[in-house]
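# missing the sequence, but the structure's below:
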């Protein structure tokens, strides 16, 4: 099977999940580049967020060759883990911002960007689950 036929049979859900995975890759690059200054000083291990955001790319690569009916659920779970990790890392920056005391460090705007971006990725993954992954209905599972 050549690549043209492989991608011609992909449904709208596959393309939505693939777009979200590419956006996840971009978000992971942003997180790796900015986590040192964006996250509060207490949590310097923002690389965990970036690593979790890289995993949907691997899932989409596997699903390209081995289609699974509800493969978007895996990506939604990964985005959920990334969102939970972001929420665990940013409370000090939020408290510093609202109390107008910058004790812990971090950048409130970037922390909010992390949270909103990962939440949007999860929403895109959920939307992708409601559409067909393969037009020809050829699924392994």
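Arrived safely, thanks for sending. Fair warning: this is a prediction, and the values are worked out from it, not measured in the lab. Residues are numbered from 1 along each chain as shown.
# could you use CA atoms for every contact and neighbour count after this?
Will do.
# check which element follows the biggest helix by length in the chain along the chain.
Longest helix in the chain, counting residues (DSSP state H): helix 12-38. Downstream of helix 12-38, the next assigned helix or strand under DSSP states H and E is helix 47-65.
# give the buried residues for that next one.
Residues 47-57, 59-60, 63-64 are the ones in helix 47-65 that count as buried (16 or more other C-alpha atoms under 10 Å).
# only the buried residues of the next helix or strand after that helix, if you could.
Where DSSP H and E defines the elements, the next helix or strand beyond helix 47-65 is helix 72-89. Residues of helix 72-89 classed as buried: 72-76, 78-83, 85-86, 89 (neighbour count, 16+ other C-alpha under 10 Å).
# then stretch 15-35?
Buried residues in stretch 15-35 (16+ other C-alpha under 10 Å): 15-25, 27-28, 31-32, 35.
# lowest-pLDDT helix or strand in the chain?
None of the helices or strands of the chain scores lower by mean pLDDT, DSSP states H and E than helix 3-8, at a mean of 78.
# ok, back up a step: ok, the buried residues of helix 72-89 vs residue 128, which is closest?
If you rank those by distance to residue 128 using C-alpha to C-alpha, residue 72 comes first, at 6.3 Å.
# ok, the closest one - contacts?
13, 14, 17, 125, 126, 128, 129 (C-alpha atoms under 8 Å, 6 or more residues apart in numbering).
# give me the distance between it and residue 63.
Counting by C-alpha to C-alpha, to the nearest Å, the separation of residue 72 from residue 63 is 9 Å.
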